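Undergrad: Give me coordinates for this.
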Amino acid sequence: MTLVVQKFGGSSVADVERIRNVAKIIIREKNQGHQVVVVVSAMGKTTDSLISLAKQICPFPSEREMDMLVSTGEQVSVSLLAMALHAEGVDAVSFTGAQVGIKTDSFHTKARILEIKGENIFKALKKNNVVIIAGFQGIDANNNITTLGRGGSDTTAVAIAAAIKADVCDIYTDVDGVFTADPRIVPEAFKLPTITYDEMLELAAAGAKVMHGRSIEFAKKYHVIVQVRSSFEPDKIGTFIQEEGENMENPVITGITSNKNEAKISILGVPDKPGIAAQIFTMLANNNLNIDVIIQNASEQGMTDISCTIPREDLRKGISTSEKIVRELGARGFSYDEKIAKISIIGVGMKSNCGVAAVMFKAMADNKINIRMISTSEIKVSIVIDLEQADTAVRALHKAFRLNEPTMREKPVSCAKKKKAKKK
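TA: Next up is the predicted model:
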């Protein structure tokens, strides 16, 4: 008997009819002889509405109380879905994250899972129940409700799949799978049949909203087979997220994504001496600020500027931390900019091909897009540009790397081939 974890996002359970549709998908899976565990997000825009309501009461609400508030959305979804299954004659039971033993740290609104105790899940499965679990939430050592950050239901689903050793984790959403770019920006983008854990992790970190980045970390660490598929067309095969196989023919660039939820902070005129960067980023880390792109200017007269990007939602916290850094380190001051976007190209094929950055930068130059920051990894190049040019940049790169032509993608000269050519 196969053990399947299914996750349904907010758009999949946005109203009563969609909840009934999800129930049908679950029943079909169960009728095939499988045990089914389901993770559900809040209905539609419920979380956004709750956040808006909180901010009408208090502009900067307590993060603990925000977790208490927004976690209620998923509880509505799981109970209604259980009722929908009962109406079809299927045994089902719903649980909160705390009830299935999802233990987290105490970083409210961005908690990390420490442990999952699956006893209640297995007890319910033995009674032939479909188990329905509220995504996005857990409980800390002090019995405070915590949440895992926006998109955290993906992390709940994959973490549970790892904990109970499920055979597969199907992530149902409102898209058919993972695309080479956001189809709303690039209409000719196409669906990828497979993508590696590393590529998907980079795409998620770079701003792709298909899956929560931490869910891919769990999948890679515990070798969870993940499929992203459509809840509106459940018969379609989606995109499989998997290990990089030795026989895989990897394109140079797999996908392009933009993150428009970025802000830049610059600490100006700090002493250019050993340990100063460690002090700055320790203070940022102590305030639970997630740093992305970092750049340090050349030293002038023993002073330098250090800039980094953070999620725009954390800008207020970043500003208050920067004020403290300036005071304690004797810096000249700080500045910030929230009208930026990060554009990234990702592909495992970069590891063995030269000229990728050259193609990217030429595409930006041809479209008169100024690059303000650059960050690279083994399989990713990211640039920070003006927010208003983000969509133009994505379209230009999709065209430059010929991603709309799966068999004719732009492939810079292989480094190995280049070396052979030089020898001749």
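Undergrad: Would you map out the domains in the protein?
TA: Split into domains by automatic domain parsing, the chain comes to 3-247, 249-424.
Undergrad: quick one: the strands in the stretch 1-150 of the chain?
TA: Applying DSSP state E, counting those that start in this stretch to the stretch 1-150 of the chain gives strands spanning 3-8, 35-40, 92-95, 102-104, 113-116, 130-134, 137-139, 145-147.
Undergrad: Reformat these as CSV; add distance to I241.
TA: Yep, even glycine has a C-beta here, placed from its N, CA and C like the rest. As requested, the strands of the stretch 1-150 of the chain are arranged in CSV below (distance: least, Cβ to Cβ, whole Å):
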stretch, distance to I241
strand 3-8, 13
strand 35-40, 16
strand 92-95, 26
strand 102-104, 22
strand 113-116, 19
strand 130-134, 21
strand 137-139, 23
strand 145-147, 24
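Undergrad: Switch the ones you listed over to JSON lines; also include mean pLDDT, mean neighbour count and distance to S79.
TA: Below are the strands of the stretch 1-150 of the chain laid out as JSON lines (pLDDT from 0 to 100; neighbours: other Cβ atoms under 10 Å; distance: least, Cβ to Cβ, whole Å):
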{"stretch": "strand 3-8", "mean pLDDT": "96", "mean neighbour count": "25", "distance to S79": "14"}
{"stretch": "strand 35-40", "mean pLDDT": "98", "mean neighbour count": "28", "distance to S79": "10"}
{"stretch": "strand 92-95", "mean pLDDT": "98", "mean neighbour count": "22", "distance to S79": "5"}
{"stretch": "strand 102-104", "mean pLDDT": "97", "mean neighbour count": "24", "distance to S79": "18"}
{"stretch": "strand 113-116", "mean pLDDT": "94", "mean neighbour count": "16", "distance to S79": "21"}
{"stretch": "strand 130-134", "mean pLDDT": "98", "mean neighbour count": "27", "distance to S79": "8"}
{"stretch": "strand 137-139", "mean pLDDT": "97", "mean neighbour count": "25", "distance to S79": "14"}
{"stretch": "strand 145-147", "mean pLDDT": "97", "mean neighbour count": "26", "distance to S79": "16"}
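Undergrad: closest one to Y222 among those strands?
TA: In terms of Cβ to Cβ, the element of the strands of the stretch 1-150 of the chain nearest to Y222 is strand 113-116, at 11.1 Å.
Undergrad: for this structure, longest strand please?
TA: Identified as the longest strand of the chain according to DSSP state E is strand 255-271.
Undergrad: Now do the buried residues in that strand.
TA: Within strand 255-271, the residues scored as buried using 16 or more other Cβ atoms under 10 Å are 255-259, 261-270.
Undergrad: what's the most distant pair in those residues?
TA: Every pair of the buried residues of strand 255-271 checked by Cβ to Cβ; the farthest is G255 and G269, at 38.8 Å.
Undergrad: how far away is S230 from M211?
TA: The gap separating S230 from M211 is 14 Å, by Cβ to Cβ, to the nearest Å.
Undergrad: Which of these two has more residues huddled nearby?
TA: M211 (27 against 16; other Cβ atoms under 10 Å).
Undergrad: confidence score at the more buried one?
TA: At M211, the pLDDT value in this model is 84.
Undergrad: same deal with the one 4 residues further on?
TA: Model confidence at S215, given as pLDDT, is 90.
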